[in-house]
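# Provided below for reference: sequence and predicted model.
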Amino acid sequence: LLPAAVAVAGVAIIELQGAAGAPTVGDALSFAQPIGFGLGYLLLEDLMRQRPQAALPVSAIKLCVVATASFLFFELSPFIL
């Protein structure tokens with residue numbers, strides 16, 4: 001948990017130092033990202049311990065999810081940001 005706390009503190013320093021105005025949705029996403037990323041890898045580690053043969057399918061699913069989410073964010077960002 002210490003690396004996750006250091007990551008969140010680093011994001012806080014980068015995002016909030018010299019920020020003009022109130023925190024935004026982007027700031028919240030920047031704080032949540034290292035926590036979600038770390039928790040995802042903890043779950044992945046547990047899954048790989050239980051089912052080592054699932055490495056390729058899990059990697060393919062993660063790649064597809066990230067590609068789809070990135071594409072959707074790219075396409076929808078003019079409307080939501």
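It's in.

# residues contacting the residue minimising distance to the centre of the chain?
Of all residues in the chain, the one closest to the mean position by Cα atoms, centre = their mean is residue 33, 3.4 Å from it. Residue 33 makes contacts with residue 11, as judged by Cβ atoms under 8 Å, 6 or more residues apart in numbering. For the C-beta atoms, the positions are set from N, CA and C on the backbone; glycine is no exception.

# does it belong to a helix or a strand, and which?
Assigning secondary structure by DSSP states H and E places residue 33 in helix 25-50.

# for whatever helix or strand comes next after that helix, packing partners?
Past helix 25-50, heading to the C-terminal end, the next element that is a helix or strand (DSSP H and E) is helix 55-80. On a contact count with 3 or more Cβ pairs under 8 Å, 6 or more residues apart in numbering; DSSP states H and E, helix 55-80 meets helix 25-50.

# check which helices and strands the helix or strand bottoming out on mean pLDDT in the chain sits against.
The helix or strand of the chain with the lowest confidence, counting by mean pLDDT, DSSP states H and E, is helix 2-16 at a mean of 77. Applying 3+ Cβ pairs under 8 Å, 6+ apart, one finds that helix 2-16 contacts helix 25-50.

# show the average pLDDT along the helix it packs on.
Averaging pLDDT along helix 25-50 gives 85.

# and what of stretch 70-78?
The average pLDDT for stretch 70-78 rounds to 93.

# just the CA trace of it, in PDB.
The C-alpha trace of stretch 70-78 is given here as PDB (Å, rounded to 0.1, in the frame of the first residue of the first chain):
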ATOM      1  CA  SER A  70      -9.600   4.900 -24.900                       C
ATOM      2  CA  PHE A  71     -11.500   5.100 -28.200                       C
ATOM      3  CA  LEU A  72     -14.800   6.000 -26.400                       C
ATOM      4  CA  PHE A  73     -13.000   8.700 -24.300                       C
ATOM      5  CA  PHE A  74     -11.400  10.100 -27.500                       C
ATOM      6  CA  GLU A  75     -14.700  10.200 -29.300                       C
ATOM      7  CA  LEU A  76     -16.800  11.500 -26.500                       C
ATOM      8  CA  SER A  77     -14.400  14.000 -24.900                       C
ATOM      9  CA  PRO A  78     -15.600  17.000 -27.000                       C
END
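
# since that was my last question, I'll sign off now.
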